[in-house]
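Colleague: the following block contains a protein sequence and its predicted model.
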Amino acid sequence: MTRIAQSEYARRRQALMQQMVPGSIAILPAAPVHVRNRDVEYDYRQDSDFQYLTGFPEPEAVLALIPGREHGEYVLFCRERNPERELWDGLRAGQEGAVRDYGADDAFPIDDIDDILPGLIEGRSRVYYALGANPEFDRQLVGWINAIRSKVRQGATPPSEFGALDHLLHDMRLFKSPAEIEVMKAAAAISARAHVRAMQASRAGLSEYHLEAELDYEFRKGGARLPAYGSIVASGRNACILHYRENDAPLRDGDLVLIDAGCEIDCYASDITRTFPVSGRFSPEQKAIYELVLAAQAAAFAEIAPGKHWNQAHEATVRVITAGLVELGLLAGEVDQLIECEAYKPFYMHRAGHWLGMDVHDVGDYKIGGVWRELEPGMCLTVEPGIYIAHDNQSVAERWRGIGVRIEDDVVVTADGCEILTAGVPKTVAEIEALMAAARSQAA
Ligand code: GLY
Ligand code: MN
Ligand code: MN
């Protein structure tokens with residue numbers, strides 16, 4: 001399976017350390033385990049920043065990066081090997097594995113961190129740390145700093161400054177390397193197959209969760225452990241609930257179904273939405289709304305290129321959707337004015353996309369110094385316009401009510417435009433109807 005190589009993790013640590021002031025230390029804990037209910041834990045997912053710098057998949061671990069430290073700059077605290085615990089819960093790398101398999105210069109048992117980490121912090125002028133992300137660890141860190149402060153009369157030098165580690169890291173994470181893009185393409189390809197499978201399986205009389213099961217099947221078969229976020233399978237008017245999660249309503253002939261789902265590979269997300277008719281044929285109203293959203297998405301792709309700013313794609317979708325709603329008679333007035341007073345918002349209330357990477361809503365600033373950020377090669381984002389007509393919207397004719405459509409693809413900014421990572425799922429009305437018709441005739 002496509003994965004990030006150890007050499008790339010090493011390059012990232014070096015790149016981070018080059019940005020740290022001399023005589024500093026960066027400290028980052030692994031994600032905690034979360035209890036679901038008695039004796040049951042939620043599936044473990046490593047913290048994205050920790051994963052980005054280490055690739056180390058275990059909980060109860062702490063990374064310290066100490067540029068210039070003679071006995072090694074990359075220090076990992078992690079669980080000790082323990083045959084009994086490993087019999088129950090699975091293998092652990094241990095300190096030997098942390099060095100051998102994850103490239104740590106030095107590794108210590110996590111149970112010894114109170115004795116060892118204050119000594120590594122002592123004498124360092126600045127501590128880089130993401131304050132507030134993990135309150136339990138915040139308290140531990142303050143404890144270690146206070147332990148050093150209590151020894152100033154014996155000559156100890158506590159750090160005098162804290163730096164925002166997340167700010168440095170998140171700007172690095174915003175720019176994807178060729179290897180990261182390969183992993184994101186792998187995740188996108190699996191998710192594309194999952195969406196195709198769900199379209200092929202759709203029938204009136206099934207329920208939304210039947211289609212969710214088809215998605216999960218392809219995700220797991222492709223090697224993904226988990227979806228990148230809770231899959232949305234929303235039929236009929238449920239599609240107008242933006243983060244619908246029940247996924248338990250019956251699929252009805254004549255309705256659309258909106259699926260927003262993507263898997264995660266090696267902690268990289270994909271995020272795809274397709275909307276298609278439960279029984280394989282769009283009604284005239286559904287087709288009109290669908291083709292308007294598709295046109296808005298095409299207009300957004302044209303605004304994604306180096307030098308264009310973050311908001312241009314969103315602005316393009318707003319213009320196409322507003323003009324289209326006027327043409328269909330769902331809004332009345334002059335397009336510029338309707339945009340000015342945000343008349344489109346009851347139909348299109350979210351933004352056209354977000355950064356995409358290790359987190360589905362990925363890190364990275366959207367504005368710099370108060371102005372929209374310019375796009376640069378290697379940035380990955382989603383493009384996901386939508387139109388949602390509430391079932392009780394009295395200002396439109398009844399035949400339009402309850403239609404919800406979103407179309408979402410993932411792109412990477414290239415030297416002269418953008419490349420769509422999720423092109424493997426059909427998207428035009430003709431393509432979707434043909435795919436679904438073929439599946440039905442095979443099943444018959
Ligand atoms: N799946 C969440 C989103 O599209 O932003
Ligand atoms: Mn999205
Ligand atoms: Mn999505």
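Modeller: That came through, no problem. Ligands and ions are numbered 1, 2, ... in the order given.
Colleague: quick one: contacts for the residue most central in space within the chain?
Modeller: Centroid-nearest residue in the chain, with Cα atoms, centre = their mean: Val360, separated by 1.0 Å. By Cβ atoms under 8 Å, 6 or more residues apart in numbering, the contact set of Val360 is 228-229, 262, 269, 271, 354. Quick note: C-beta positions are derived from backbone N, CA and C, even for glycine.
Colleague: switch the cut-off to 6 Å
Modeller: Listed by Cβ atoms under 6 Å, 6 or more residues apart in numbering, the contact partners of Val360 are 228-229, 269, 271.
Colleague: would you confirm that Val396 contacts Leu330?
Modeller: Yes - counting by Cβ atoms under 6 Å, Val396 does reach Leu330; the two are 5.2 Å apart.
Colleague: pick out whichever of those two has more residues nearby.
Modeller: Remark: of Val396 and Leu330, Leu330 carries more neighbours, 21 against 18, as counted by other Cβ atoms under 10 Å.
Colleague: show the average pLDDT along whichever strand or helix holds Ala430.
Modeller: In this assignment (DSSP states H and E), Ala430 forms part of helix 429-443. Averaging pLDDT along helix 429-443 yields 95.
Colleague: check stretch 61-71 too.
Modeller: On average, stretch 61-71 scores 96.
Colleague: which outside residues touch it?
Modeller: Against stretch 61-71 from outside (Cβ under 6 Å, 6+ apart): 17, 20, 25-30, 54, 73, 75-78, 106, 120.
Colleague: checking the nearest residue to Gly417 once chain neighbours are set aside next. Helix, strand or coil?
Modeller: Excluding the flanking residues, the one nearest Gly417 by Cβ to Cβ, 6 or more residues apart in numbering is Ala305, at 4.7 Å. Of the three states, Ala305 takes coil according to DSSP: H, G, I helix; E, B strand; the rest coil.
Colleague: tell me how many other residues crowd Ala305.
Modeller: The burial count assigned to Ala305 is 19, neighbours taken as other Cβ under 10 Å.
Colleague: distance of it from ligand 3?
Modeller: Going from Ala305 to ligand 3 by Cβ to the ion, to the nearest Å gives 23 Å.
Colleague: before we move on, back to that, how far away is the residue nearest to the centre of the chain from Cys380?
Modeller: 11 Å (Cβ to Cβ, to the nearest Å).
Colleague: next: Thr157.
Modeller: From Thr157 over to Cys380 the distance is 42 Å, taken as Cβ to Cβ.
Colleague: which intervals of this protein have sub-threshold pLDDT?
Modeller: Counting by pLDDT under 70, the chain has no low-confidence residues at all.
Colleague: how about the residues of it near ligand 3?
Modeller: Contacts of the chain with ligand 3, taken as Cβ under 5 Å from the ion, map to 260, 271, 408.
Colleague: what's the burial count for the closest residue to the second one other than its chain neighbours?
Modeller: Among residues not flanking Asp271 along the chain, Gly262 sits closest, at 4.5 Å (Cβ to Cβ, 6+ apart). Close neighbours of Gly262, defined as other Cβ under 10 Å, add up to 29.
Colleague: contacting residues around the helix or strand containing Trp88?
Modeller: Assigning secondary structure by DSSP H and E places Trp88 in helix 83-89. With Cβ under 6 Å, 6+ apart as the test, helix 83-89 has contacts from Arg92.
Colleague: do stretch 117-130 as well
Modeller: With contacts defined as Cβ under 6 Å, 6+ apart, stretch 117-130 is touched by 21, 23-27, 64, 144, 147-148, 156-157, 159-163, 165-166.
Colleague: torsion angles phi and psi at Glu419?
Modeller: Main-chain torsions, Glu419, degrees, to the nearest 10: phi -110, psi 130.
Colleague: which residues does it bridge with?
Modeller: Here Glu419 sits in beta bridges with Val412, going by DSSP bridges.
Colleague: now the strands for the stretch 151-300 of the chain?
Modeller: Under the criterion DSSP state E, counting those that start in this stretch, the stretch 151-300 of the chain contains strands at 161-164, 226-227, 232-235, 256-261, 263-265, 268-269, 272-277.
Colleague: check which helices and strands the second one sits against.
Modeller: Going back to what we said before, that points to strand 226-227. If you count contacts as 3 or more Cβ pairs under 6 Å, 6 or more residues apart in numbering; DSSP states H and E, strand 226-227 packs onto no helix or strand.
Colleague: residues contacting the closest residue to ligand 1 within the stretch 51-200 of the chain?
Modeller: Residue nearest to ligand 1 within the stretch 51-200 of the chain: Ser191 (11.1 Å; Cβ to the nearest ligand atom). Ser191 makes contact with 262-263, 270, 272 under the criterion Cβ under 6 Å, 6+ apart.
Colleague: can you do 8 Å?
Modeller: Neighbour list for Ser191: 218-219, 261-263, 270, 272, 422 [criterion: Cβ under 8 Å, 6+ apart].
Colleague: how much space between it and Ala156?
Modeller: As judged by Cβ to Cβ, Ser191 and Ala156 stand 52 Å apart.
Colleague: number of residues surrounding Asp39?
Modeller: For Asp39, the count of nearby residues is 6 (other Cβ under 10 Å).
Colleague: next one: the one 3 residues further on
Modeller: Residues near Tyr42, counting by other Cβ under 10 Å, number 10.
Colleague: so what's it closest to, chain neighbours aside?
Modeller: His34 (4.5 Å).
Colleague: Gly378 now?
Modeller: Here the residue nearest Gly378, using Cβ to Cβ, 6+ apart, is Phe175, at 4.3 Å.
Colleague: again, but for Gln200
Modeller: Excluding the flanking residues, the one nearest Gln200 by Cβ to Cβ, 6+ apart is Ala439, at 3.8 Å.
Colleague: right, and the one you found touches Arg203 too?
Modeller: No - with contact defined as Cβ atoms under 8 Å, Ala439 and Arg203 do not form a contacting pair (9.5 Å).
Colleague: correct me if wrong: Val326 contacts Ile339.
Modeller: No - Val326 lies out of contact with Ile339 (Cβ under 8 Å); the separation is 10.6 Å.
Colleague: in the helix ranked longest in the chain, what counts as buried?
Modeller: In the chain, taking DSSP state H as the definition, the longest helix is helix 178-201. By 16 or more other Cβ atoms under 10 Å, the buried positions in helix 178-201 come out as 179-181, 183-201.
Colleague: may I have the beta-bridge partners of the closest residue to ligand 2 within the stretch 301-444 of the chain?
Modeller: The nearest approach of the stretch 301-444 of the chain to ligand 2 comes at Thr382, 4.1 Å away (Cβ to the ion). Beta bridges link Thr382 to Asp410, judged by DSSP bridges.
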